[in-house]
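> Sequence first, then the predicted structure:
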Amino acid sequence: MARQDIERLTARKVETLNKPGVYIDGEGLRLVVDATGGKRWRFRFRFDGKDRELGLGGYRARGGLPAVSLAMAREKARKAREHVRAGRNPLEQERGEVRIPTFGEAADAFIEAQSPSWRNPVHRAQWCMTLREYAAPIRDKRVDRIDTADVLRVLKPVWQSKPETAARLRGRIERVLSAAKAQGHRSGENPAAWRGHLDHLLPARQKLTRGHHAALAFADLPAFVATLREQDTVAALALEFVILTAARSGEVTRSRRSARLRLRAARTIGANGPHGATNTTPGKPSERRSSEQRRPTRKASGPPSTPWAPNPSRRFIRPGRWKTPPRKAWSRDGLTATDR
């Protein structure tokens, strides 16, 4: 563009203009003269697909000097054009509003703010990795411009191949955008929301995509435990403790360091048995005590020849209350009873 097409106005012309109208200087800068003879500078630009105007001040004489001269107006217009090229709204910059961060900046700030509540450092590493690697296409985009198309562009490549990772990634993007909205950096609905939004655009994630883990056959358990006892590590002790006690894996892995002694005690009991008898094959039926040996014999309440049976003379009075009849003693013949 020729210079005469960019800077059409001169300082002399601006001072002598009195006819109402709009006088263009070039590249969006224009001088507006109203019916009363007042003059003001305006900068016209296009942002987010819309034409906008920014006021640069009025051309008014104060002590013989203009408030905003032609050179000053051109300098303000140049700075405004730089904001537009950088993806910033000159109107917001002129009002001194908070700068809108990019999605990458908002994600990093969210992780930094929330990480003190995450006890597991692996959890923080997963947040950083997924929002850095998988969300790379939108990290440089302003957080207030993220729309549904951007979210789908991130999720679709991994939605079918890595459903678990994709589901967690979607939830993390949703939380970052919700935090940006709470800070005033966004408005409107969350484009990463699942219910009532993305559930109409993406297929439902299949549960148990990887399937169940293969179970160890019961007959192979003794050999497995014997092999496990050859490893003198905390992980081996913890796994054997789970096998012997049926405790939840999370309860064992989150136990304190002092629990190592209890794990070793459980291994000793499992190896030698509760009464010190050596049990070289854990769980072998031949080395278990029979049910008759374990179960104590109940004492009969009647004569030796009478098998034990519930006492029919007990009478139920009211819930939680039993009335016990007088004690009876069997006679020598074992046929009659007398009251004491």
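Nice, thanks for sending it over. Residues are numbered from 1 along each chain as shown.

> low-confidence ranges in the protein?
Along the chain, the model assigns pLDDT under 70 to residues 1-7, 60-66, 93-98, 206-212, 257-340.

> now with 50?
Scanning the chain for pLDDT under 50 picks out the ranges 1-4, 62-65, 274-292, 300, 307-308, 314-317, 336-340.

> buried residues in the helix ranked longest in the chain?
Secondary structure of the chain per DSSP state H: the longest helix is helix 163-182. Neighbour counts over helix 163-182 (16 or more other CB atoms under 10 Å) mark 163, 166-167, 169-170, 172-177, 179-181 as buried. (Glycine included, C-beta is placed from N, CA and C.)

> now those in JSON lines, with distance to Glu230?
Listed next are the buried residues of helix 163-182 as JSON lines, based on distance: CB to CB, whole Å:
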{"residue": "Pro163", "distance to Glu230": "38"}
{"residue": "Ala166", "distance to Glu230": "41"}
{"residue": "Ala167", "distance to Glu230": "40"}
{"residue": "Leu169", "distance to Glu230": "41"}
{"residue": "Arg170", "distance to Glu230": "45"}
{"residue": "Arg172", "distance to Glu230": "42"}
{"residue": "Ile173", "distance to Glu230": "47"}
{"residue": "Glu174", "distance to Glu230": "48"}
{"residue": "Arg175", "distance to Glu230": "46"}
{"residue": "Val176", "distance to Glu230": "48"}
{"residue": "Leu177", "distance to Glu230": "52"}
{"residue": "Ala179", "distance to Glu230": "51"}
{"residue": "Ala180", "distance to Glu230": "54"}
{"residue": "Lys181", "distance to Glu230": "57"}
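
> So which of those residues is the closest to Val68?
Of all these, Ala180 has the smallest distance to Val68: 35.9 Å, by CB to CB.

> That closest one and Ser187 touch, don't they?
No. Between Ala180 and Ser187 there is no contact under CB atoms under 8 Å: 9.9 Å.

> got any residues that touch both of the two?
Asp144 (CB atoms under 8 Å, 6 or more residues apart in numbering).

> so what does the strand or helix carrying Glu82 touch, helix or strand wise?
Using DSSP states H and E, Glu82 maps to helix 70-85. Taking 3 or more CB pairs under 8 Å, 6 or more residues apart in numbering; DSSP states H and E as contact, the helices and strands that helix 70-85 lies on are helix 11-16, strand 21-26, strand 29-33, strand 39-47, strand 50-58, helix 90-95.

> Just the helices from this structure, written as ranges.
Going by DSSP H, the chain shows helices at 3-6, 11-16, 70-85, 90-95, 103-114, 121-129, 148-159, 163-182, 221-228, 234-245, 249-253, 259-272, 291-294.

> would you turn those helices into TSV with distance to Arg142?
Converted to TSV, the helices of the chain look like this (distance: least, CB to CB, whole Å):
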stretch	distance to Arg142
helix 3-6	29
helix 11-16	36
helix 70-85	13
helix 90-95	11
helix 103-114	8
helix 121-129	21
helix 148-159	11
helix 163-182	10
helix 221-228	55
helix 234-245	47
helix 249-253	41
helix 259-272	50
helix 291-294	73
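
> among those, which is nearest Leu201?
helix 148-159 (6.5 Å).

> That closest one vs helix 103-114, what angle?
Relative orientation of helix 148-159 versus helix 103-114 (axes from the mean of the first three to the mean of the last three CA atoms, to 10 degrees): 70 degrees.

> what's next to helix 148-159, contact-wise?
Contacts to helix 148-159, defined as CB under 8 Å, 6+ apart, come from residues 134-135, 137-138, 141, 165-166, 169-170, 173, 191-192, 197-198, 201-203, 205.

> what is the orientation angle of it with helix 163-182?
Relative orientation of helix 148-159 versus helix 163-182 (the same axes, to 10 degrees): 160 degrees.

> Could you list the buried residues of helix 148-159?
For helix 148-159, a neighbour-count test (16+ other CB under 10 Å) marks Asp150, Val151, Leu152, Val154, Leu155, Val158, Trp159 as buried.

> Distance check, the third one against Phe103.
When CB to CB, to the nearest Å is the yardstick, Leu152 and Phe103 sit 15 Å from each other.
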